[in-house]
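In: could you look at this predicted model? Sequence included:
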Amino acid sequence: PLSKIIRGTNNLILSLRDGLTESEREKRRLTAERKAILRARIQNARTMHEWDSAARELDHIEGNDEWKADSTTGDYNPDVIEMHMRELDEARTNCDIRAMLHLVRTALSRDLGNMGSIDLYRHSYVGTKRLIERYVDSAVSTIEALVEKSAYALPLDIGNKSLLEGVLYARQSFGRSALLLSGGATFGMAHIGVLKAMFEAKMLPRIISGASAGSIVCSVMCCRTDDEIPAVLHGFPHGDLAVFDDETNEDSVADHIRRLLTEGSWSDIKRLIRVMRGMLGDITFQEAYNRTRRICNICVSSPSIYELPRLLNYVTAPNVMIWSAVAASCSVPLVFNAASLLVKDPATGEHMPWNPTPERWIDGSVDNDLPMTRLAEMFNVNHFIVSQVNPHVVPFLSKDDFLDPNKKSTGPQQSQSVGDSSDWVQTLTTLAKDEALHRLHFLTELGILPNLCTKLRSVLSQRYSGDITILPEISPHDLPRILKNPTPDFMMRHCLVGEKATWPKLSRIRDRCAIELALDRAVHALRTRVVFSKSQVDLRRLVTAADTAAPAVTGALATPSRKTVSGPSVPADDDCDADEEPYRRRRRGSGSSIQLMARRGMLHYEDPPPSEDDSEKEEKRVLSVRRGARGLHLGGS
């Protein structure tokens, strides 16, 4: 009885204080415990599935799902998005190919109605407004329906070539995404986790750029096909990464200091070259692009203040061997000596310097850690995803572009100015940077160490963030290992760090990139349809002509026009993408065009077989024409 009296008195006092009944108070306690458990699960998650399930449950408990379902709140224009989504759904439901093509060219945008606002991703752990997600899904479904329906219900006044042109223009206006990997010495191994998370989510852009340590990860990924990447990601932490010291005979501090005083570098760059050649072989930028269709970009800088930094890729340096570009991009002053760029002769395989005069290059992060301007010029990139691990940069970048479960929040009604409390830190940092830039400029004008001061100014004045910036957590305890060979344990730990930093950003990456990737798939499917279906039509015309007018056929085969024999030209993009040039200029030898068969004397039948009602006589004529194609005149080729 006494315990009941005490408990009742205690409940009465608590009720007067918080206005809750005992059952409500117990429910609140259990909810708080569950939130703590879910936050711990998010913090300790080792897979995307574990993180996603805990984050979605926490969204539900905190009431974030209600905020996502309410399309009227938030810093965006829901009416514009809903109107465009309704038009897309209507055209797709009615199978109106003209309307779908028109909307794909005019209604697609990354920032429609301000749907790309960072604030829309600060109120939930997974996803954003349902309306935005439905719009993205509707746009992707419309693009897929356009490709599917046009295969059998294309209007007579719209050809496959015109349809392909329309989708190409849509992709040109929509723009492209690029993933940029920063430098950061051994911390750059966290980029592996970033790439792993994006690859598994099927959100990895085709355009990848790397500088310094980022160039190592970038080059390995861009030289591997999709089927090979899982094995590469699994084996990377256990591979040979002895870039600073030999695995069996580690140099002492005295050895490093002696080399620094005599050769001007802390470590021997030959070790880095050995590791990269072992990983990549002698593959060039052009060969890597032809193999994987990924565009590998590596930044290098010049030791001189009078030379501009270079962005190396299959357009600017097609025959440069990637391992030499990585060695140059990793040549941090005083850590490695400057390195030369080497090219491989496509005909002989001989290695030679890229420039006739001996020229060496240094760390790409010095002048151009994130080459956004150059990528925008060359490949129509207007959306940049940055993985930033530079230890001198990460502490000063904003980390308030997502909802952090480790920070106290008041649910969906929290203030929109999440980063206001740290504004004074940002202000002090900006003032200090501006003052340092001013002093360095002053020293340069006075002629005091002009080269060093110019390079320091370049490092301080660069932009180190993108439209979406992924910031893997850097532990101060790992700073002493910044110039040491990464161990398997270090690699696996930092790979997980990179994944954890990417998972909260995947919803935003998906909303920004899903439409672009759907357009890429549509272009690939339509180009295949245009090229191969037309070549079969041309072949049947040759067969028909041979049957009706043999003398005329002989004359036509003697001097045919290039357009008739080589097939139709495919509209090309304006981004120097080799796989998107006219078909007659394609370098791949698939053996599926009459032109290549005539040039190489191929006799086997590689086109789809004729239909069942084709006669045996017609099949013999087809093979006869193909065997006789060796005598065709192909415009001088």
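Out: Right, received. Where do you want to start?

In: what sits against residue 29?
Out: Shown in contact with residue 29 (C-beta atoms under 8 Å, 6 or more residues apart in numbering): no residues. Any C-beta I mention is one placed from the backbone N, CA and C, and that applies to glycine too.

In: swap in the one 5 residues further on?
Out: Contact analysis of residue 34 by C-beta under 8 Å, 6+ apart lists residue 61.

In: end-to-end on stretch 495-509?
Out: End-to-end span of stretch 495-509 (C-alpha to C-alpha, to the nearest Å): 19 Å.

In: give the buried residues for that stretch.
Out: Neighbour-count burial for stretch 495-509 flags 495-509 (criterion: 16 or more other C-beta atoms under 10 Å).

In: didn't residue 184 look like it was pressed against residue 211?
Out: No: the pair residue 184 / residue 211 is not scored as a contact, 9.5 Å apart, by C-beta atoms under 8 Å.

In: more neighbours, these two?
Out: residue 211 (32 against 27; other C-beta atoms under 10 Å).

In: pLDDT value on that one, please?
Out: At residue 211, the pLDDT value in this model is 92.

In: list the contacts for it?
Out: Residues counted as contacts of residue 211 (C-beta under 8 Å, 6+ apart) are 181-183, 298-299, 329, 363-365, 368-371.

In: make it 10 Å
Out: 180-184, 188, 218, 297-301, 309, 311, 329-330, 363-371, 390 (C-beta atoms under 10 Å, 6 or more residues apart in numbering).

In: ok, now residue 46?
Out: Residues counted as contacts of residue 46 (C-beta under 10 Å, 6+ apart) are 496, 499-500.

In: could you measure from it over to residue 260?
Out: Remark: distance between residue 46 and residue 260 (C-beta to C-beta, to the nearest Å) = 40 Å.

In: likewise for residue 267?
Out: According to C-beta to C-beta, residue 267 and residue 260 sit 9 Å apart.

In: can you check residue 473 too?
Out: Going from residue 473 to residue 260 by C-beta to C-beta gives 31 Å.

In: before we move on, what about residue 55?
Out: Taken as C-beta to C-beta, the span from residue 55 to residue 260 is 47 Å.

In: same deal with residue 457?
Out: Relative to residue 260, and taking C-beta to C-beta, residue 457 is found at 24 Å.

In: which one of the two is surrounded by more residues?
Out: More neighbours surround residue 457 than the other of residue 457 and residue 260, with 19 against 14 (other C-beta under 10 Å).

In: ramachandran angles for the more buried one?
Out: In terms of degrees, to the nearest 10, the main-chain angles of residue 457 are phi -60, psi -40.

In: just give the nearest non-adjacent residue to it, would you?
Out: Using C-beta to C-beta, 6 or more residues apart in numbering and skipping the chain neighbours, the partner closest in space to residue 457 is residue 440 (4.7 Å).

In: report pLDDT for the one you found.
Out: For residue 440, the predicted pLDDT is 90.

In: thought it was touching residue 451?
Out: No: at 11.7 Å, residue 440 and residue 451 do not qualify as touching, with contact defined as C-beta atoms under 10 Å.

In: domains in this structure, by residue range?
Out: With domains defined by automatic domain parsing, the chain comprises 78-173, 179-198+210-395+464-497, 398-408+419-463, 518-631.

In: between residue 440 and residue 451, tell me which one has more neighbours.
Out: residue 440 (23 against 12).

In: the residue positioned nearest the centre of the chain and residue 466, how far apart?
Out: Central residue of the chain (C-alpha atoms, centre = their mean): residue 205, 2.7 Å from the mean position. Distance from residue 205 to residue 466, counting by C-beta to C-beta: 12 Å.

In: now swap in residue 209 and tell me
Out: From residue 209 across to residue 466, the span is 11 Å (C-beta to C-beta).

In: so for these two, which sits in the more crowded spot?
Out: Just comparing residue 209 and residue 466: by other C-beta under 10 Å the higher neighbour count belongs to residue 209, 34 against 19.

In: state the phi and psi torsions of that one.
Out: With angles defined as degrees, to the nearest 10, residue 209 sits at phi -120, psi 150.

In: again, but for residue 523
Out: Main-chain dihedrals, residue 523, degrees, to the nearest 10: phi -60, psi -40.

In: right, and it touches residue 174 too?
Out: No: using C-beta under 10 Å, residue 523 is not in contact with residue 174; the gap is 11.4 Å.

In: which neighbours do these two share?
Out: Between them, residue 523 and residue 174 share no contacting residue, judged by C-beta under 10 Å, 6+ apart.

In: just the pLDDT for residue 144.
Out: Looking at residue 144, its pLDDT reads 95.

In: name the SS class of the residue lying closest to residue 233 once chain neighbours are set aside, please.
Out: Nearest non-adjacent residue to residue 233, counting by C-beta to C-beta, 6+ apart: residue 196, 5.0 Å away. For residue 196, the assignment made with DSSP: H, G, I helix; E, B strand; the rest coil gives helix.

In: does residue 234 touch residue 196 like I think?
Out: Yes: Residue 234 lies in contact with residue 196 (C-beta under 10 Å); the separation is 9.4 Å.

In: and the two? which has more neighbours close in?
Out: Relative neighbour count places residue 196 above the other of residue 234 and residue 196, with 24 against 10, counting by other C-beta under 10 Å.

In: below-threshold pLDDT in this structure: ranges please.
Out: For the chain, applying pLDDT under 70 flags the ranges 1-2, 14, 16-17, 19, 358, 407-423, 533-637.

In: ranges for the strands of it?
Out: Remark: strands assigned in the chain by DSSP state E are 176-181, 207-210, 295-301, 310-312, 342-344, 351-353, 362-363, 381-387, 468-470.

In: so which of those comes closest to residue 122?
Out: strand 468-470 (13.7 Å; C-beta to C-beta).

In: which residues are in contact with both of residue 267 and residue 260?
Out: 334-335.

In: give me the common contacts of residue 205 and residue 466.
Out: In contact with both residue 205 and residue 466: 177-180, 383-385, using C-beta under 10 Å, 6+ apart.

In: of those residues, which is the nearest to residue 109?
Out: Among the shared contacts of residue 205 and residue 466, residue 383 lies closest to residue 109 (C-beta to C-beta), at 11.3 Å.
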